[in-house]
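Participant: Sequence first, predicted model second:
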Amino acid sequence: MPGAAVCMISQGFNPYLMNLNLKFANRQQDFFVTLNQRVNAYFKTNKIERTANTEMVIKTIFMLSLYFIPYVLLISGITSNLWVMLGLCILMGLGMAGIGLSIMHDANHGSYSTKPWVNKLLGLSLNAVGGHALNWKVQHNVLHHTYTNIHDVDEDISPRGILRMAPESKWIPLHKFQHYYAWFFYGLMTLVWVFVKDFYRLIKYQHEGLIAKQKTTALREWVFMLTSKALYFTYIFAVPMWVLNLSFWQVLVGFLVMHYIAGFILAIIFQPAHVVEGTEYPMPDENGNLENNWAIHQLHTTTNFGHKEKLFSWYVGGLNYQVEHHLFPNICHVHYRSISKIVEQTAKEFGLPYKSKETFIAAIAAHWRQLRWLGHKPLVREALVAEAA
């Protein structure tokens with residue numbers, strides 16, 4: 001039941017006041033040591049690299065083609081039928097999500113190639129579709145992967161306003177309906193990134209000193225982000241209007257459809273991994289100490305889904321294997337299926353959770369129930385938890 005989620009709530013405590021001086025427990029290290037040894041042995045025994053293989057290269061070509069070929073067909077004037085054009089925009093939306101899930105994600109984790117320049121180049125595919133790679137690395141690699149499901153640090157569960165993703169977040173009456181309306185807002189995710197969050201987060205990360213830790217400067221990132229966005233809006237808006245003599249509003253409709261599809265896909269893949277029935281939201285004590293070490297923390301806060309759905313897994317970049325990804329973000333996702341058996345067996349040997357939903361639909365349903373639980377007014381929710389116990 002959602003109420004079974006462990007919530008170590010510290011009212012009014014903001015980890016940022018401690019400059020992210022959070023400390024994972026330095027105990028129970030045997031699990032990850034053993035797991036590392038077994039995973040390393042798997043790659044060594046099978047004489048394979050931990051990075052991309054031929055399958056990954058083919059997928060990269062496919063996802064890039066799914067986005068850019070429809071674009072080329074659009075601006076080539078091959079059709080003047082607006083419905084066909086809209087269909088091409090839909091394909092671009094699928095391609096955009098595929099680039100995010102299967103190319104940019106691995107590259108910006110440094111797991112696509114052993115060559116840093118390859119990872120950097122492919123990581124910039126995010127900029128090619130309107131985002132900014134540096135912001136994503138800080139938000140995802142640093143904050144989300146290190147402090148998974150910790151309120152006010154993991155930005156994936158700390159949105160403000162109409163969505164409540166963690167029990168420590170402020171509750172408003174509207175939240176009791178969020179399990180119904182959240183799905184609409186999921187489709188706006190990439191649009192918000194392109195127009196709002198990239199700017200807000202670059203300012204925020206600069207203020208918090210997180211940009212300097214990425215071995216770059218705020219000035220450099222501002223120049224690069226603004227330049228890449230200008231180029232993006234040029235090819236996505238100006239070129240179609242100029243070449244095809246379309247109105248701004250016609251291009252805007254295609255743009256919104258493309259982004260809405262991509263945003264919705266990305267949201268429904270990432271959300272069921274952490275905001276899901278049975279997950280945990282650990283919070284540090286007043287000294288910034290967390291209960292578990294980092295690896296065990298990942299097991300308590302992360303959920304897999306749809307292991308038997310191979311085509312689905314292929315399209316979503318293996319991110320239905322979120323446990324494996326969180327424990328080994330430096331391994332390319334094409335290997336997650338193989339090492340998942342090792343991870344599950346080792347977790348069970350150490351008496352640790354290995355959370356997984358049988359199907360993607362089951363994960364979506366569990367996410368819906370978690371949204372409903374989080375939408376209850378806190379006092380009502382606590383009563384429900386007590387009653388369930």
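Facilitator: Happy to help now that I have it.
Participant: Tell me who's in contact with the residue positioned nearest the centre of the chain.
Facilitator: The centre of the chain sits closest to Phe270, judged by C-alpha atoms, centre = their mean, with a distance of 4.9 Å. By C-beta atoms under 8 Å, 6 or more residues apart in numbering, the residues touching Phe270 are 156, 319. Glycine gets a C-beta too; all of them are placed from N, C-alpha and C.
Participant: List the contacts of the helix or strand hosting Asp106.
Facilitator: Using DSSP states H and E, the element containing Asp106 is helix 105-108. Identification of contacts with helix 105-108 by C-beta under 8 Å, 6+ apart yields 52, 56, 112-113, 118-123, 125-126, 133, 136-137, 140-141, 317, 319, 332-333.
Participant: before we move on, what about stretch 75-84?
Facilitator: Under the contact criterion C-beta under 8 Å, 6+ apart, stretch 75-84 has outside partners 73, 85, 239-240, 243-244, 250.
Participant: If we use 10 Å, what do you get?
Facilitator: 72-74, 85, 87-88, 235, 239-240, 242-246, 250, 253-254 (C-beta atoms under 10 Å, 6 or more residues apart in numbering).
Participant: filter the residues you listed to the buried ones?
Facilitator: With burial judged by 16 or more other C-beta atoms under 10 Å, the buried subset of these is 73-74, 85, 88, 240, 244, 246, 250, 253-254.
Participant: quick one: Ser65 is in a strand?
Facilitator: No. Looking at Ser65 with DSSP: H, G, I helix; E, B strand; the rest coil, it is helix, so not inside a strand.
Participant: what about the closest residue to it other than its chain neighbours, neighbour count?
Facilitator: Computed as C-beta to C-beta, 6 or more residues apart in numbering, the closest residue to Ser65 that is not its neighbour in sequence is Gly95, at 7.5 Å. Using other C-beta atoms under 10 Å, Gly95 is surrounded by 24 other residues.
Participant: Low-confidence ranges, the protein, go.
Facilitator: 1-20, 379-389 (pLDDT under 70).
Participant: any idea where the strands of it begin and end?
Facilitator: 304-305, 356-357 (DSSP state E).
Participant: Now render those strands as CSV, adding distance to Ile203.
Facilitator: CSV is the format used below for the strands of the chain (distance: least, C-beta to C-beta, whole Å):
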stretch, distance to Ile203
strand 304-305, 35
strand 356-357, 37
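Participant: Let me have those in a markdown table, extended by mean neighbour count.
Facilitator: Putting the strands of the chain into a markdown table (neighbours: other C-beta atoms under 10 Å) gives the following:
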| stretch | mean neighbour count |
| --- | --- |
| strand 304-305 | 26 |
| strand 356-357 | 21 |
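Participant: Tell me which of those strands lies nearest to Tyr200.
Facilitator: Within the strands of the chain, the stretch nearest Tyr200 is strand 304-305; the backing value is 30.7 Å (C-beta to C-beta).
Participant: ok, that closest one: who's next to it in the sheet?
Facilitator: When sheet partners are counted by DSSP bridges, strand 304-305 sits next to strand 356-357 (parallel).
Participant: tell me the contacts of the spatially closest residue to Leu327 that is not a sequence neighbour?
Facilitator: Using C-beta to C-beta, 6+ apart and skipping the chain neighbours, the partner closest in space to Leu327 is Gln298 (5.7 Å). Applying C-beta under 10 Å, 6+ apart to Gln298 gives the contacts 32, 145-146, 148-149, 292, 322-327, 329.
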